[in-house]
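Peer 1: sharing a sequence plus its predicted fold:
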Amino acid sequence: MTDPIKMTIILPHIPDIEIVAIKGMEHLASYLGISDEEKIGEARILVTEAIINALEHAGDPNPDEVRIEFTMTKEKLVIFVEDHGHGFEPEKVSDPNILTKIDSPNKRGWGLKLMKSMSDDFLIESGQTGTKITMIKNLV
Ligand SMILES: Nc1ncnc2c1ncn2[C@@H]1O[C@H](COP(=O)(O)OP(=O)(O)OP(=O)(O)O)[C@@H](O)[C@H]1O
Ligand SMILES: [Mg+2]
């Protein structure tokens, strides 16, 4: 097994900045010769949802920044996303239900569910000083 490659990016709180993290992750994947487009596509969704949540929900007094860490080998990607917002209680977020959502004006609330279902392991640690999300994606 090759040594893992680690990349840390600190993102400022500006629109569409998650694209920078996605591009960086794709660059690592192509350097490592990872060709499974489906797995990389899913990793893209994991990263995007976690960063958008951090930028959108972490709240004021604002997390001026979001820290993201990728640790990647040919076999496995570990994604870590940290904000310094007010945190939340994940156990209090109810699972979205498609039938209820159809009739509801609020169609949102799918990000956490997507992250749980598309990752091979998913952990949220959240408190008053911020939120840390760790996701593991197997690439083989
Ligand atoms: N980093 C975070 N900091 C604070 N609260 C969060 C964070 N991530 C998620 N939450 C809370 O969990 C809720 C559910 O997140 P989820 O991503 O599932 O849905 P959403 O962001 O509201 O909508 P969608 O992802 O479908 O656009 C959010 O509405 C928010 O209240
Ligand atoms: Mg979301």
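Peer 2: Structure's in. What do you need? Residues are numbered from 1 along each chain as shown. Ligands and ions are numbered 1, 2, ... in the order given.
Peer 1: and the helix or strand hosting Ile79, how far out from the chain middle?
Peer 2: Taking DSSP states H and E as the definition, Ile79 sits inside strand 76-83. Centroid separation for strand 76-83 versus its chain: 7 Å, with CA atoms, centre = their mean, to the nearest Å.
Peer 1: neighbours of the closest residue to Asp95 other than its chain neighbours, how many?
Peer 2: For Asp95, ignoring the flanking residues on the chain, the nearest one in space by CB to CB, 6 or more residues apart in numbering is Lys113 at 6.2 Å. In this view, the C-beta of every residue, glycine as well, is placed from N, C-alpha and C. By the criterion of other CB atoms under 10 Å, Lys113 has 13 neighbours.
Peer 1: state the helix or strand in which Lys113 lies.
Peer 2: Counting by DSSP H and E, Lys113 is part of helix 111-118.
Peer 1: what average pLDDT does that helix get?
Peer 2: In this model, helix 111-118 carries a mean pLDDT of 96.
Peer 1: what is the burial count for the closest residue to ligand 2 within the chain?
Peer 2: Nearest to ligand 2 in the chain, going by CB to the ion, is Gly111, at a distance of 2.7 Å. If you count neighbours by other CB under 10 Å, Gly111 ends up with 19.
Peer 1: ok, the residue lying closest to it once chain neighbours are set aside - contacts?
Peer 2: Computed as CB to CB, 6+ apart, the closest residue to Gly111 that is not its neighbour in sequence is Glu49, at 4.2 Å. Contacts for Glu49 (CB atoms under 8 Å, 6 or more residues apart in numbering) come out as 111-112, 114-115.
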